[in-house]
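Asker: quick check, what structure comes out for this input:
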Amino acid sequence: MASKAQNLKKLLEAGFNVPKLFEIPSTGISEQDLLQLVDKNLSNSELFAVRSSAQVEDGEDKSYAGHFYSAVAVNRENLYKEYCKVIDSYEGQKGNVIVQRFIPSDVAGVLFTNEGSGLMVVNANLGLCKTVVDGQACDEYYFSRDAKVLRKHIADSKTPIFFREGVLVQDDVASESLTQVQVEKLVDIGLQIEKLFGKPQDIEWCFLGDELYILQSRPITRYTSRNNWIFYDSANIAESYSGVVLPLTHSFAASIYQKVYENLLIASGASRRRIACNQHIFSNMVSNFYGRMYYNMNNWYLMMSFMPGYKRNKKNLESMLTMNIRVDVLRSVLPSVWLKLAYPFIVIYKVLIFNRVIARFKNKVTSTLKHFRAKDIESFNGDQCVDLYSHLTRELLEDFHIPVENDFLMMTYLGILRKKYTEDELKPMIAFDNVSSRQVESLTVLAKSIFAIPQLVEAIEAKNGKLFNDILPHYPEVNKRFNEYFNIYGGRFANELKLESADVEFEYDALFNLLKAYRNYVPKPQSDRRNEKQKQGFVFRKFIRYAQQREELRLLRSNAFSLVRRIFRRIGVLLSQQGVIENPADVFYLTIDEATMAVTGKLTSNLKAVVSSRKEEYQVFREVTPPAFFTITEGGQPIIEQMNLSNSKALFGRSCTPGVIRGKVRIFEEFSLPEKVDFDIMVARNTDPGWAALIGLSKGIIVENGGILSHAAIVSRELAIPTVIGVANVTQILKTGQVVEINGGTGEVKVID
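Answerer: From the prediction side, this is the model:
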């Protein structure tokens, strides 16, 4: 069994920054002997730490943490006295004593490299580590193994001990003890030490200035795992549902996620009965906090537990969703023995027939949408609206597990490519022709043809939708092009998955702004990389195929959601006419069940009061910025904190699309198309596929969130627009009109003016 001193020596030999020390026995040492050893080993030190190193200490079964006496800030004159106190505290136990250089730290604490579910835990305080070890008030952090803080509690009344002007003093403070840079250093060093000892470690550490010191390390003898914690992550759901999402959209999305993933598992061989017995998993795949959408990661991991190959599938899922949180949760569901045996054959069969399945799916969705798009939904009664919604969810939207299977195939091939190429090598390779870049081309042609007709220009300038509709049929070629555009891209616009979003096809202010923005648009030159791609081999071609298909399927999803939007806008009109709600737009503050039951007379609650209360609540939500990811216990809420906005002239994110561009920025809190393009660089928190029109107008792009397969990344690469992603809080740091320079190859953003 290794002692504290042996562990420290092992750390020193491995090159870790441990304060210099020497070890002495607990018997046969005089004061003169001790001072001679100090002169020999710590001649440059004036103050010392005298610490226990009993044989029973720091074992794998029991640590005896804090059980024996230790002293800090000991001067030369008191060394022997403190040494004797350590020996007396052994009470007959065998062991030695450590004499070590004293570090008058600025902040110190204890790090657990694994609290039982893969997370790291830190207790920290300003000053010396004694207050943390003694169990006094301190800050507590839980973070992932890639240094993302998932949960923290900052004690508002701490009494740290500082070493000032030669004495130990205690002070009252409320400020936070750790910075993000220090968190990252702790994670890095913790993982290295865990690897050195081959098991999770309990590490005592301290910072003096920027320098991190390791004071001790021992095996964790008791885990602190919180099995009742729930992990939430906005990940790429913030791209699909950016900002505040109203109740109608959230309830619709929750029902779709449930249906899609139940059907995905059933199509993969999982038992319908087992799925039915675990409805709590599927009905809570997504959650809403402060009006924002989050994945409930516990339930995503549990959903994947139904199938064999959990570790591989988990890794693919985390990569596909660009998760911030990557943890292990306690899994109560495991695949059946039958499914484990049959699954390889099921997968092979599904892959072999997948092309036919996709073709049938595309044809079914396209024909269904074309059929119902021609319907005069704006004249439907309540029963007709509900019947159409039920038909769509039953016959169409439930089949949207097929695009998920396409995504998994895409991520499987991407995983193979990542083993062969670095991310920087992959970025230029995975630029590919896609429906969003084709939408920009189609929109450019449409806008130019419309603005070539003076009568249509007059209608647009007058913002007269009726006049525009009356004139358009007199120009058959332009009218045909107009209808073809909306037949293909009708549901593709900003925030397209939010039912409350303005539909460009039916709201003329939005339509006219879109056409104005593209009247003088000049396509950016692109290099034709297709021949180069063909040389990359089978895996690369498969990845490109599924990636292109992914964008096509997302467009079909957008068009399906657009049809649902029309249904509920009609329901809003009917409820308003019936006096159930004040105005048609209030329907978005109801849930799907409330709206459908009310319009068919099955719900008689005072929905005006419900809407009024929710409007007040959501107004508060719009004024806060919740964290992108967090962990809480059941029924809790994430902590809203003041953001630390940078004053630096240099900001950094992840490189995405290479190229350097300098110009004026415009901050887009939400999607909007300006009547005049008065910016060069678009800055946004998130983007979704509907932002393609705005992306096409930009010479450069900066986005707070997203990965290399996010929509902004895919479109910017195809259009060759320099892009940087993952710049924390950039929409708060930069101001519209500022001049910046972005380097899409390095991820750097320089503030020029």
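Asker: all helices of the stretch 651-753 of the chain, in order?
Answerer: 692-696, 711-718, 730-733 (DSSP state H, counting those that start in this stretch).
Asker: what packs against the first one?
Answerer: Helices and strands in packing contact with helix 692-696 are listed as helix 435-450, helix 508-517, helix 711-718; criterion 3 or more C-beta pairs under 8 Å, 6 or more residues apart in numbering; DSSP states H and E. To be clear about C-beta, it is placed using only N, CA and C from the backbone, and glycine gets the same treatment.
Asker: would you mind finding the most buried of those?
Answerer: With neighbours defined as mean count of other C-beta atoms under 10 Å, the helices and strands packed on helix 692-696 peak in mean count at helix 711-718, which reaches a mean of 26.
Asker: quick one: the residue nearest to Ile450 when sequence neighbours are not counted and Tyr475, what's the gap?
Answerer: Leaving out its chain neighbours, the residue that sits closest to Ile450 by C-beta to C-beta, 6 or more residues apart in numbering is Leu456, at 5.2 Å. To Tyr475, Leu456 is 8 Å away according to C-beta to C-beta, to the nearest Å.
Asker: who has more neighbours, those two?
Answerer: Set side by side, Leu456 and Tyr475 show more neighbours around Leu456, with 21 against 17, by other C-beta atoms under 10 Å.
Asker: quick one, what contacts that one?
Answerer: Contact analysis of Leu456 by C-beta atoms under 8 Å, 6 or more residues apart in numbering lists 450, 468, 471-472, 475, 478.
Asker: of all those, which comes closest to Asp593?
Answerer: The shortest approach to Asp593 among the contacts of Leu456 belongs to Phe468, at 37.7 Å (C-beta to C-beta).
Asker: can you give me the distance of that closest one to Glu378?
Answerer: Going from Phe468 to Glu378 by C-beta to C-beta gives 18 Å.
Asker: the more surrounded of the two?
Answerer: When Phe468 and Glu378 are compared on other C-beta under 10 Å, the one with more neighbours turns out to be Phe468, at 22 against 10.
Asker: the more buried one contacts Glu461, correct?
Answerer: No. The pair Phe468 / Glu461 is not scored as a contact, 10.6 Å apart, by C-beta atoms under 8 Å.
Asker: quick one: Glu184 and Ala147 touch, right?
Answerer: Yes. Taking C-beta under 8 Å as the definition, Glu184 is a contact partner of Ala147 at 4.5 Å.
Asker: quick one, which of these two is more surrounded?
Answerer: Each of Glu184 and Ala147 had its neighbours counted (other C-beta under 10 Å), and the higher figure belongs to Ala147 (17 against 14).
Asker: the more buried one in helix, strand or coil?
Answerer: coil (DSSP: H, G, I helix; E, B strand; the rest coil).
Asker: what residues are up against it?
Answerer: The neighbourhood of Ala147, defined by C-beta under 8 Å, 6+ apart, consists of 180, 183-184, 187-188.
Asker: which one of these is nearest Phe252?
Answerer: If you rank the contacts of Ala147 by distance to Phe252 using C-beta to C-beta, Gln180 comes first, at 36.6 Å.
Asker: need phi/psi at the residue nearest to Ile450.
Answerer: Leu456 has phi and psi values of phi -70, psi -40 when expressed as degrees, to the nearest 10.
Asker: show me where pLDDT drops low in the stretch 401-550 of the chain?
Answerer: By pLDDT under 70, the weakly predicted segments of the stretch 401-550 of the chain are 491, 523-536.
Asker: mind running it again at 90?
Answerer: The stretch 401-550 of the chain contains residues with pLDDT under 90 at 404, 407-444, 447, 463, 465-466, 469, 482-497, 501-548, 550.
Asker: wait, a strand at Gly109?
Answerer: Yes. In this structure, Gly109 lies within a strand as judged by three-state DSSP.
Asker: got a pLDDT number for it?
Answerer: Gly109 carries a pLDDT value of 91.
Asker: next: Gly737.
Answerer: According to the prediction, Gly737 has pLDDT 94.
Asker: tell me who's in contact with Asn299.
Answerer: If you count contacts by C-beta under 8 Å, 6+ apart, Asn299 has them with 281-282, 284-285.
Asker: hmm, try it at 6 Å
Answerer: Each residue near Asn299 by C-beta atoms under 6 Å, 6 or more residues apart in numbering is listed here: 281, 284-285.
Asker: next one: Lys259
Answerer: Counting by C-beta under 6 Å, 6+ apart, Lys259 touches Glu398.
Asker: got the buried residues for the host helix or strand of it?
Answerer: Assigned by DSSP states H and E, Lys259 belongs to helix 247-267. Along helix 247-267, the positions that meet the burial threshold by neighbour count (16 or more other C-beta atoms under 10 Å) are 247-265, 267.
Asker: stretch 464-476 now?
Answerer: Taking 16+ other C-beta under 10 Å as the neighbour-count basis, stretch 464-476 is seen to contain the buried residues 465, 468, 471-472, 475.
Asker: okay, now the unreliable bits of the stretch 151-300 of the chain?
Answerer: Low-confidence regions of the stretch 151-300 of the chain, defined by pLDDT under 90, span residues 151-159, 164-168, 170-175, 180, 198-202, 218-231, 234-243, 298.
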